[in-house]
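Engineer: Only the shape, not the letters, is given here:
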């Protein structure tokens, strides 16, 4: 087995490998399809390691510009990819993936295991293709005229959940992308945008719901459900799978997603390193 950085001209074979499981590998498919190997420093861009046996792709590791690792590999292939990544870039800031695979990698590599600082236990949820989503007319598709409001609410979401806010251009590029894809919804009260939801990652076979936020003072009125229903219905009409990730102890969020028809698909783990 050999492990090498992905080179220009080899993207298609790696995409074909990743899209064998477009649901689990959505984030990597999205990043590679959207930017290829072009890197101007955006958080979702980065570098790829590819494990091959002969000419056949056996696994992929994606190291994005935030230092987050995602792997499409297991067992020995995952270990070899991780070892090579450690040699090239040092320990990651975060390792994200299915709980079983992440724990197996930590058990096998003390250079990762001994640096664990925090484990964020999450759940992956999936929306059935026949989910009967009720679009109640409360939410509407976001347009470019809503961009400033989307950026404002996204900043509030980051501050509330993470304690800090990325630079304005980062949030603006993220929100503009969702608007251009017609994959963002807003709720207005008195002409003011007070809630939003969008598809954070869009691929040909699956989309990922995220960025769900309602301003304090406007919660528990069904606004989040309305915004989510609108964007999810758009993905389902295109024949796509819809997924999301949320903390396992976030009962309010899980309750909301269950009302929309989401079911638990698997256990997800995000491990932060010192």
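Structural biologist: Right, received. Where do you want to start? Being a predicted model, the structure only gives us computed values, none of them experimental. Residues are numbered from 1 along each chain as shown.

Engineer: So what would you say the end-to-end distance of stretch 181-195 is?
Structural biologist: 19 Å (Cα to Cα, to the nearest Å).

Engineer: do the same with stretch 122-131
Structural biologist: Distance across stretch 122-131, first residue to last, is 23 Å (Cα to Cα).

Engineer: Let me see the mean pLDDT of that stretch.
Structural biologist: Average pLDDT, stretch 122-131: 94.

Engineer: Show me how far that stretch is from its chain's centre.
Structural biologist: Remark: stretch 122-131 is offset 14 Å from the chain centroid, using Cα atoms, centre = their mean, to the nearest Å.

Engineer: Excluding its own residues, what touches it? List them.
Structural biologist: 23, 98, 209, 232, 236, 239, 241-248, 254, 257, 260-270 (Cβ atoms under 8 Å, 6 or more residues apart in numbering). C-beta: built from backbone N, CA, C; applies to glycine.

Engineer: Just the buried residues of that stretch, please?
Structural biologist: 122-127, 131 (16 or more other Cβ atoms under 10 Å).

Engineer: now do stretch 38-46
Structural biologist: 42, 44-46.

Engineer: And stretch 70-78, by the same measure?
Structural biologist: For stretch 70-78, by 16+ other Cβ under 10 Å, it's 70-73, 77-78.

Engineer: which pair in the residues you listed spans the largest distance?
Structural biologist: 70 and 77 (14.2 Å; Cβ to Cβ).

Engineer: ok, which stretches of the stretch 151-274 of the chain are helices?
Structural biologist: Residue ranges of the helices in the stretch 151-274 of the chain, as given by DSSP state H, counting those that start in this stretch, are 168-180, 223-237, 251-260.

Engineer: Could you identify which of these is most buried?
Structural biologist: helix 223-237 (a mean of 22; mean count of other Cβ atoms under 10 Å).

Engineer: how near is the residue in the chain sticking out farthest from the centre to residue 229?
Structural biologist: In the chain, the residue that sits farthest from the middle, by Cα atoms, centre = their mean, is residue 190; the gap is 32.0 Å. As judged by Cβ to Cβ, to the nearest Å, residue 190 and residue 229 stand 22 Å apart.

Engineer: quick one: terminal-to-terminal distance for stretch 229-248?
Structural biologist: 21 Å.
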